[in-house]
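Participant: the amino acid sequence is not available; the structure is as follows:
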């Protein structure tokens, strides 16, 4: 019952059965169903299920509503982020603000968030207060992270710690929160909850850095457009670390390239990648990713001594290899 | 401690002391502090305080965080509604999406909603599940109401029951929810909670109809622009009831006038008001308001027999006279 594919299918079925379809007004509910139906890896709810099981030793099915709360929340953030980023497409389909309109995307996003709140508490009444407080704080962190992302995009000087703190809030905090909520529901001590959260945050930062790296240096046959972040002048870790290591000439060139909108000009991407290679940015990034994975591994070992952590390890092994 | 002015000041002080100022990133928190600082009547939190006191017999101060959750939520809806309505001004000050920008208004609104969730549960851990579920459902109803409002604006045919159901969700559901949450926190039975909710909803519908009426027929010396709803072609109860009672000539004229953007043309307002007067719309509206007040009064009498309802009655007496 806990292999990655089965867990994903369990989550998909539960999401598909949430009582949102056919509700009125259609302009509110149809976009909610639409974005939830875009699927995805469903990592967040699966982390909640596995943390609940690890702590309580009980069937993951008991925490399905709680787990799906995290996915519903995640889709709310996607719906609003797509408006803010003016993104026309998500997973090959038009985004909600394009397919419907911006007002509908604002309001359907709000309704997803409102609905998530009920899912957080409904099956664990005796844990409702710590669960709702955890959910509220994680939600605030995600909002802070998104705002910092928008702020950093407008600033010329960004430090690496600022970038890492931004991705911690924007991406990793929710992964940590999913594990923390599963652990709280399962009856973990507050010390254990904190370990689950840290475990998720370290993994989350590692995953995001890995995404940044693969955007510029995709593995063979990955089939994704190379250098999307470079085209969009995103100040990722790769760029920031390159600036630190660059000689004056390279630094000036990088800054000029990252201040110019050159569309999908392949010359720009190739030139930036060339500088990245000269400075061994892939190796530098890999080392940082590794250090976050090691921190997570250490926490995972402590958690394995206290909880039934095997299925979590197995699942994350699959995820880290990006097999699903 | 329970006269209207004192209650308002208690709420103001509590809102001003919420730990939001000086938090980073500034672009997220400053708009939250800004909109909460615009004041207002603070009816929603006061209803929560008084329902809590009526049921529990305990000091209103114990339910201040819960009460302010409703106000924080209300301000979240205002921030997002102002984007959707393209409203440049609120309470004489620039709206958040004008003073900052639209992305900031979306995200700061989201953060207000996230923060409200913590305030709902933090002081009543043993009631956290029913409180959070109530809060979630009311939030969904408010989203539905706002969507229905936008939907109805685009439709040529709107029935009076559809209009009343829209204002019930958009405006009255939160007033009902404030009373219900106060009652839940105070330890009311589910039957009592339902009565508090109904009481709030009936009052909320009456208040909204009263707003609609006063927009067209303000009392002497009210000092507000007359006919704002008419200028904006809003299909309020007054318009819908007039259409029902109009002879063919009046009906056609009303429909033509309400399909035209005539700016602040005084001739249009005067002509519509004249038709409204010919059809005794003020009297018709007053009668409907009265019927909702009567329903509330009946529920209030039942609640007065079961709870310490005196301060609630006194407060609503002041509100109904619009003295504060």
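Facilitator: Now that the structure is in, tell me what you want to look at. Here the structure is a predicted model, which is why all the values come from computation and not from measurement.

Participant: tell me where the stretch 1-150 of chain A has strands.
Facilitator: A:89-90, A:93-94 (DSSP state E, counting those that start in this stretch).

Participant: look at residue A:241 and report its pLDDT.
Facilitator: Note for residue A:241: predicted pLDDT of 97.

Participant: so it belongs to a helix, correct?
Facilitator: Yes: counting by DSSP: H, G, I helix; E, B strand; the rest coil, residue A:241 falls inside a helix.

Participant: and of the strands of the stretch 1-150 of chain A, who's closest to residue A:120?
Facilitator: Shortest distance between residue A:120 and the strands of the stretch 1-150 of chain A, using Cβ to Cβ, is found for strand A:89-90: 24.4 Å. (Glycine included, C-beta is placed from N, CA and C.)

Participant: and the closest one, how far out from the chain's middle?
Facilitator: The chain centre lies 16 Å from the centre of strand A:89-90; the measure is Cα atoms, centre = their mean, to the nearest Å.

Participant: state the mean pLDDT of that strand.
Facilitator: For strand A:89-90, mean pLDDT is 95.

Participant: same thing with stretch A:70-83?
Facilitator: 98.

Participant: and for stretch A:141-159?
Facilitator: Here the average pLDDT along stretch A:141-159 is 95.

Participant: show me which residues of the stretch 151-300 of chain A are close to chain B?
Facilitator: residue A:151 (Cβ under 8 Å from any Cβ of the partner chain).

Participant: any stretches of the stretch 151-300 of chain A with poor pLDDT?
Facilitator: For the stretch 151-300 of chain A, the stretches flagged by pLDDT under 70 are A:222-224.

Participant: all helices of the stretch 1-150 of chain A, in order?
Facilitator: Under the criterion DSSP state H, counting those that start in this stretch, the stretch 1-150 of chain A contains helices at A:4-16, A:26-36, A:43-56, A:64-84, A:96-99, A:102-121, A:128-154.

Participant: and the next element down the chain from the helix or strand encompassing residue A:179?
Facilitator: In this assignment (DSSP states H and E), residue A:179 forms part of helix A:173-186. Scanning forward in sequence from helix A:173-186 by DSSP H and E, the next helix or strand is helix A:190-216.

Participant: and that following helix, what does it pack against?
Facilitator: Here helix A:190-216 touches helix A:43-56, helix A:160-167, helix A:173-186, helix A:228-231, helix A:237-245, helix A:266-278, helix A:281-306, going by 3 or more Cβ pairs under 8 Å, 6 or more residues apart in numbering or on different chains; DSSP states H and E.

Participant: need the contact list for residue A:84.
Facilitator: A:146, A:150, B:103, B:106-107 (Cβ atoms under 8 Å, 6 or more residues apart in numbering or on different chains).

Participant: could you dump the residues you listed to JSON lines with distance to residue B:259 and neighbour count?
Facilitator: JSON lines is the format used below for the contacts of residue A:84 (distance: Cβ to Cβ, whole Å; neighbours: other Cβ atoms under 10 Å in any protein chain shown):
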{"residue": "A:146", "distance to residue B:259": "41", "neighbour count": "26"}
{"residue": "A:150", "distance to residue B:259": "40", "neighbour count": "20"}
{"residue": "B:103", "distance to residue B:259": "34", "neighbour count": "20"}
{"residue": "B:106", "distance to residue B:259": "31", "neighbour count": "26"}
{"residue": "B:107", "distance to residue B:259": "36", "neighbour count": "27"}
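
Participant: which one of those is nearest to residue B:160?
Facilitator: The closest of the contacts of residue A:84 to residue B:160 turns out to be residue B:106 (Cβ to Cβ; 33.6 Å).

Participant: how near is that closest one to residue A:143?
Facilitator: 10 Å (Cβ to Cβ, to the nearest Å).

Participant: and the contacts of residue A:84, which two are furthest apart?
Facilitator: A:150 and B:106 (10.7 Å).

Participant: give me the buried positions along stretch A:23-41.
Facilitator: In terms of neighbour count (16 or more other Cβ atoms under 10 Å in any protein chain shown), stretch A:23-41 has its buried residues at A:25, A:27-36, A:40.

Participant: got it, and stretch A:201-219?
Facilitator: A:201-210, A:212-213, A:215-217.

Participant: closest one to chain B among the strands of the stretch 1-150 of chain A?
Facilitator: strand A:89-90 (16.8 Å; Cβ to the nearest Cβ).

Participant: pull up the pairing partners for that closest one, direction included.
Facilitator: strand A:93-94 (antiparallel) (DSSP bridges).

Participant: contacts for the strand it pairs with?
Facilitator: Strand A:93-94 is contacted from outside by A:38, A:88, A:99, using Cβ under 8 Å, 6+ apart.

Participant: so the helix holding residue A:179 versus helix A:43-56, what angle?
Facilitator: Counting by axes from the mean of the first three to the mean of the last three Cα atoms, to 10 degrees, helix A:173-186 points 30 degrees away from the direction of helix A:43-56.

Participant: so what's the nearest residue to residue A:210 once chain neighbours are set aside up against?
Facilitator: Excluding the flanking residues, the one nearest residue A:210 by Cβ to Cβ, 6 or more residues apart in numbering or on different chains is residue A:289, at 5.5 Å. Counting by Cβ under 8 Å, 6+ apart, residue A:289 touches A:206, A:209-210, A:213.

Participant: what of residue A:138?
Facilitator: Per Cβ under 8 Å, 6+ apart, neighbours of residue A:138: A:173-174, A:176-177, A:180.

Participant: change it to 6 Å
Facilitator: Counting by Cβ atoms under 6 Å, 6 or more residues apart in numbering or on different chains, residue A:138 touches A:173-174, A:177.

Participant: same thing with residue A:152?
Facilitator: With Cβ under 6 Å, 6+ apart, residue A:152 has these contacts: A:158, A:166.

Participant: ok, back up a step: so which of the contacts of strand A:93-94 are also by chain B?
Facilitator: Among these, no residue is within reach of chain B (Cβ under 6 Å from any Cβ of the partner chain).

Participant: closest to residue A:276 among these?
Facilitator: So of those, ranked by how close each gets to residue A:276 (Cβ to Cβ), first place is residue A:88, at 28.2 Å.
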